[in-house]
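Visitor: please find the sequence and the predicted model below.
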There are 2 protein chains.
Amino acid sequence: MAKKKAYNECLNTVKPVKDALEVINGKWKLAIIISVGVGNERFTDIQDSIEGITPKVLAKELKDLEQHKLIKRIIIDDYPVKIIYRSEPYADTLTPIIYALKEWGINHKKMIAK
Amino acid sequence: MAKKKAYNECLNTVKPVKDALEVINGKWKLAIIISVGVGNERFTDIQDSIEGITPKVLAKELKDLEQHKLIKRIIIDDYPVKIIYRSEPYADTLTPIIYALKEWGINHKKMIAK
């Protein structure tokens, strides 16, 4: 009789990985993180940089990313008051993961095309 | 006037990252990769190791993972014929990414709980 391998301990991996994926996945999150990361800081500039995103969705996603402490909303006390978005330094912790996923994705495309 | 930063080159990142996420995301894929990775090789053992998965869904997901060259379906010419599933060595290329996501997910949970 084949022995079943312990799987429960692996749930300890599945759960936090899913937590992480939830943050970077979805249709727009990654694109927004990157857009703000490269220096787009005004709402309209971010919107223009991402084809197809509506203002309503962008506003919601920015709020989400703010709650995840990846993006900071800054109110500049000027005339008129200006609101800008900047990457939090914490967002940099995602960079190596994003690049590892990128490399893997590029390689994988070649792999399954074989 | 604020200058808009180049975003197009970033699409070169978004696309392959999304390709990669498509493989590991979804409700079950990661759990199946891990279950097979730790040594469950019979269909029923894999099924038993993942709470809530139906045989129909597991069969579809295994086929998907086979097409992605992450899992191998092996027919053992025995009486009766036995079918087992094994991780492809290629699946190991995902391991560092899964662990990086795991670490990030654990840390992130603490981060947003602050």
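Guide: Nice, I can see it.
Visitor: make it CA atoms for all contacts and neighbour counts henceforth
Guide: Fine.
Visitor: state the pLDDT value of residue A:1.
Guide: In this model, residue A:1 is scored at 43, pLDDT.
Visitor: which residues are contacting the lowest-mean-pLDDT helix or strand in chain A?
Guide: With mean pLDDT, DSSP states H and E as the measure, the helix or strand of chain A carrying the lowest mean pLDDT is helix A:8-24 (a mean of 78). Outside of helix A:8-24, the residues within contact range by C-alpha atoms under 8 Å, 6 or more residues apart in numbering or on different chains are A:29-30, A:65, A:68, B:21, B:25, B:30-31, B:34-35, B:49, B:98-99, B:101-106, B:108-109.
Visitor: please identify the buried residues of that helix?
Guide: When neighbours are counted by 16 or more other C-alpha atoms under 10 Å in any protein chain shown, the buried residues of helix A:8-24 are found to be A:13, A:14, A:15, A:16, A:17, A:18, A:19, A:20, A:21, A:23, A:24.
Visitor: in chain A, which ranges drop under the pLDDT threshold?
Guide: Within chain A, the stretches with pLDDT under 70 are A:1-11.
Visitor: give me the number of residues near residue A:104?
Guide: Residue A:104 has 21 neighbours, counted by other C-alpha atoms under 10 Å in any protein chain shown.
Visitor: could I get the full set of helices for chain A?
Guide: Per DSSP state H, chain A has helices spanning A:8-24, A:29-37, A:43-49, A:55-67, A:95-113. These are given in chain order.
Visitor: hmm, back to that, please pick the buried ones from the contacts of helix A:8-24.
Guide: When these are checked for burial by 16+ other C-alpha under 10 Å, the buried set is A:29-30, A:65, A:68, B:21, B:25, B:30-31, B:34-35, B:49, B:98-99, B:101-102, B:104-106, B:108.
Visitor: how near is residue A:90 to chain B?
Guide: Residue A:90 is 10 Å from chain B, where distance means C-alpha to the nearest C-alpha, to the nearest Å.
Visitor: my error: substitute residue A:106 in the last question.
Guide: Look at residue A:106 and chain B: by C-alpha to the nearest C-alpha, they are 5 Å apart.
Visitor: now that residue. Nearest residue, chain neighbours left out?
Guide: For residue A:106, ignoring the flanking residues on the chain, the nearest one in space by C-alpha to C-alpha, 6 or more residues apart in numbering or on different chains is residue B:16 at 5.5 Å.
Visitor: may I have the phi/psi pair for residue A:68?
Guide: Note on residue A:68: backbone dihedrals following degrees, to the nearest 10 are phi -80, psi 0.
Visitor: you'd agree it is up against residue B:112?
Guide: Yes. The pair formed by residue A:68 and residue B:112 meets the contact definition of C-alpha atoms under 8 Å, at 6.2 Å.
Visitor: tell me the contacts of residue A:76?
Guide: By C-alpha under 8 Å, 6+ apart, the residues touching residue A:76 are A:82, A:83, A:84.
Visitor: got a list of what the nearest residue to the second one once chain neighbours are set aside touches?
Guide: In space, residue A:83 comes closest to residue A:75 once its chain neighbours are excluded; the distance is 4.6 Å by C-alpha to C-alpha, 6+ apart. Residues in contact with residue A:75 (C-alpha under 8 Å, 6+ apart) are A:81, A:82, A:83, A:84.
Visitor: from residue B:42, how far out is the spatially closest residue to residue A:87 that is not a sequence neighbour?
Guide: Nearest non-adjacent residue to residue A:87, counting by C-alpha to C-alpha, 6+ apart: residue A:71, 4.6 Å away. For residue A:71, the distance to residue B:42 equals 45 Å [C-alpha to C-alpha, to the nearest Å].
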